[in-house]
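Chemist: pasting the sequence and the predicted model now:
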Amino acid sequence: MKLFDAIPDGYIHLNLSHMSDQQQTFFSIIILHYLYYLAKYGEYSAVIVIDEVERVALPLPGENRIDRNIVTKIVDELRKYGLFIFLISHTLHGMDDEIRNNVRNLFVFRLQNPRDVEYASKILFTKPLMIQTLPKFTAMHRDPYKTYIAERLDIEIEPRIVRKFIPQKPFDFNQIFEKARKKLLQKTIDKDEIELLKDPQLRQIYEFYRNRTINIPKDPRYFKKIDGKTFLTNIAEKICRKIEKEIQNIIKYSQ
C-alpha cells in the first residue's frame, strides 16, 4: 500500500477547534511533515490552505538550511512537486522571513498593528495610512512577477453557489451490513464464502477486522494464532474486505 492511500481524494477540511492550542500546533506540524514527505516521494499533490498560519510558521531558534520550519520548507521546495499552499494570518511580522519572501501573491487587508503596518508598507510600496484605512472587503494585492507596486482590489461579497451542500442521510449500520451480506451471497458461488456469509459470527468477525472488538469466539476456521496474537484466516480477511467495499458502495449511492 502506498502512503498516499491513507489520504482520501477531494476536499479535506481539518477542524481542530476541539483541541487545545498546544495540541493544534503539534498536530498541524505532524500533518505538514507527512504531506511534505508524500510530495517529495511523488505520492501526493494538492493545494494546502492553512488558517492562523503564524502558529506553525514561526522561525525556529538557531534555524539553518537543514532544520527549517516545515511551512518554510513547503513554500520553498515543493512547487515543482505539485504541492501549493495558501497561508492566512492575522500578522505579517510574526512569520518566518523566508516564507514572506517566497510568497508570490500577497493580499493585505486593513492592519492596525504598527509593526505589521510598517512591514506591509515596505513590501507593498504603499503608504502606511492607506493600509490602516482600507475599507471592509478591500485588500492590497501584490504580484512581484507582474508589478512591484501593490494594487487595490475589491473583494466580491455577493454569495455564489459553487456546489450545493446536501446533508448526509442518517443510516442504520445493521441494515447496511445485512444488505451488503445479502449482496455478496447473491454474487458468490464459492462454498467456503457462502458458509461464512451465512455464519452468525460474521458481524463479530467484521468488527474484529475493523479493530472494534477483541472479545469474539476463536473459531479455528476464521481465526489463527501467531506468536500469541490472533489474526483472521485468509477466507475471513477476504470476505471482510468484500463486505467493507459493499458497505462503502451502499452508503455512497444512498446519499
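Modeler: That came in fine, so what should we check first? Numbers count the residues shown, from 1 in each chain.

Chemist: so, low pLDDT: which residues of the stretch 101-250 of the chain?
Modeler: The stretch 101-250 of the chain contains residues with pLDDT under 70 at 147-148, 159, 161-171, 212-217.

Chemist: who's in contact with the most far-flung residue of the chain relative to its centre?
Modeler: Most distant from the centre of the chain: Lys191, at 42.0 Å, with distances by CA atoms, centre = their mean. With contact set as CB atoms under 8 Å, 6 or more residues apart in numbering, Lys191 has no partners. Quick note: C-beta positions are derived from backbone N, CA and C, even for glycine.

Chemist: any idea how far Lys198 is from it?
Modeler: Using CB to CB, to the nearest Å, we find Lys191 at a distance of 11 Å from Lys198.

Chemist: over to Leu153?
Modeler: 65 Å.

Chemist: over to Leu32?
Modeler: Distance from Leu32 to Lys198, by CB to CB: 48 Å.

Chemist: show me which of Leu153 and Lys198 is the more surrounded one.
Modeler: The residue with more neighbours, out of Leu153 and Lys198, is Leu153; 15 against 10, by other CB atoms under 10 Å.

Chemist: helix, strand or coil for that one?
Modeler: What DSSP: H, G, I helix; E, B strand; the rest coil gives for Leu153 is strand.

Chemist: now do the helices in the stretch 151-255 of the chain.
Modeler: Counting by DSSP state H, counting those that start in this stretch, the stretch 151-255 of the chain has these helices, from start to end: 173-187, 191-197, 202-209, 234-254.

Chemist: let me have the ones you listed in a markdown table, extended by distance to Tyr81.
Modeler: Formatted as a markdown table, the helices of the stretch 151-255 of the chain follow (distance: least, CB to CB, whole Å):
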| stretch | distance to Tyr81 |
| --- | --- |
| helix 173-187 | 39 |
| helix 191-197 | 43 |
| helix 202-209 | 35 |
| helix 234-254 | 30 |
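
Chemist: out of the ones you listed, deepest packed?
Modeler: Among the helices of the stretch 151-255 of the chain, ranked by average contacts under mean count of other CB atoms under 10 Å, first place goes to helix 202-209 (a mean of 19).

Chemist: got the angle between that one and helix 173-187?
Modeler: Angle, helix 202-209 to helix 173-187, by axes from the mean of the first three to the mean of the last three CA atoms, to 10 degrees: 110 degrees.

Chemist: for helix 202-209, packing partners?
Modeler: helix 173-187, strand 229-232, helix 234-254 (3 or more CB pairs under 8 Å, 6 or more residues apart in numbering; DSSP states H and E).

Chemist: among the ones you listed, which is nearest Pro135?
Modeler: helix 234-254 (45.4 Å; CB to CB).
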